[in-house]
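Asker: how would this look folded up:
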Amino acid sequence: MRAKRGNRLPRCRSAGHCGGVALPVRFGCNRTEPSLSFAAFLLHELSRRKARNASYSLRAFARDMGCDHATLSQWMREKRPLTQDALERLCERLGVTGPAVEYAVHFDPFDLVVLQTAIAMDGPTVPAVAEACGCDMDTVNISISRLLRLRMLRMEGARWVALERDY
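Answerer: Here you go, the predicted model:
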């Protein structure tokens with residue numbers, strides 16, 4: 001008899017909670033490379049939908065995206081390259097338009113951890129956020145720079161203000 005393969009869905013590579021679904025902690029000293037990709041965005045979106053409906057599956061997500069479940073799984077695991085045409089189709093199905101497409105393409109779930117940690121603090125500093133997240137200051141600075149560039153975060157004096165609430 002063949003052994004059961006188990007769940008082959010990829011796991012989000014960020015720390016903490018991602019859309020209400022607990023994820024494995026893989027950051028701090030062990031976090032050597034960011035997961036900047038549309039694949040991470042798709043994985044995050046699937047996690048968000050699963051948080052709302054526990055029986056939501058990869059097949060249901062693929063149906064909603066208008067593609068085959070095997071192809072979607074390969075895109076999410078970065079085993080198959082995502083063409084520009086497919087990227088545009090998926091963005092259209094997800095309702096992602098304009099500047100939000102850049103956010104989706106450069107998505108790193110760890111940025112959400114940094115953003116939520118910084119906003120929860122009163123007068124956050126990079127060292128304090130780094131300590132709270134368990135990572136180095138360079139990683140936090142990179143995340144904050146990306147959040148500022150993507151207009152998800154705005155600086156108001158000593159306070160950091162999130163510009164979008166639907167994470």
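Asker: Show me what counts as buried in stretch 85-93.
Answerer: 86-87, 90-91 (16 or more other CB atoms under 10 Å). For glycine as for every other residue, the C-beta is placed from the backbone atoms N, C-alpha and C.
Asker: Mind putting these into TSV with pLDDT and secondary structure?
Answerer: As requested, the buried residues of stretch 85-93 are arranged in TSV below (pLDDT from 0 to 100; DSSP: H, G, I helix; E, B strand; the rest coil):
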residue	pLDDT	secondary structure
86	88	helix
87	86	helix
90	90	helix
91	87	helix
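Asker: From those, pick the one nearest residue 44.
Answerer: Closest approach to residue 44 among those (CB to CB): residue 90, at 13.1 Å.
Asker: wait, what's in contact with that closest one?
Answerer: Each residue near residue 90 by CB atoms under 8 Å, 6 or more residues apart in numbering is listed here: 38, 42, 65, 67, 82.
Asker: which helix in the chain runs the most residues?
Answerer: Across the chain, the longest stretch assigned as helix under DSSP state H is helix 38-52.
Asker: How much space separates the residue nearest in space to the middle of the chain from residue 89?
Answerer: In the chain, the centroid-proximal residue (CA atoms, centre = their mean) is residue 109; its distance is 3.1 Å. Using CB to CB, to the nearest Å, residue 109 is found at 23 Å from residue 89.
Asker: now residue 74
Answerer: For residue 74, the distance to residue 89 - CB to CB - is 15 Å.
Asker: Also residue 122?
Answerer: Residue 122 is 43 Å from residue 89, by CB to CB.
Asker: per-domain residue ranges of this structure.
Answerer: Per the record, the chain has its domains at 21-27+34-105, 108-162, by automatic domain parsing.
Asker: At which residues are the helices of the chain located?
Answerer: Using DSSP H, helices in the chain cover 38-52, 58-65, 69-76, 84-94, 99-105, 109-120, 126-133, 137-149.
Asker: Who are the packing partners of the longest one?
Answerer: Contacts of helix 38-52 with other secondary structure elements, assessed using 3 or more CB pairs under 8 Å, 6 or more residues apart in numbering; DSSP states H and E, are made with strand 17-18, strand 21-22, helix 58-65, helix 69-76, helix 84-94, helix 99-105, helix 109-120.
Asker: Report the distance from it to the chain centre.
Answerer: Offset of helix 38-52 from its chain centre (CA atoms, centre = their mean, to the nearest Å): 7 Å.
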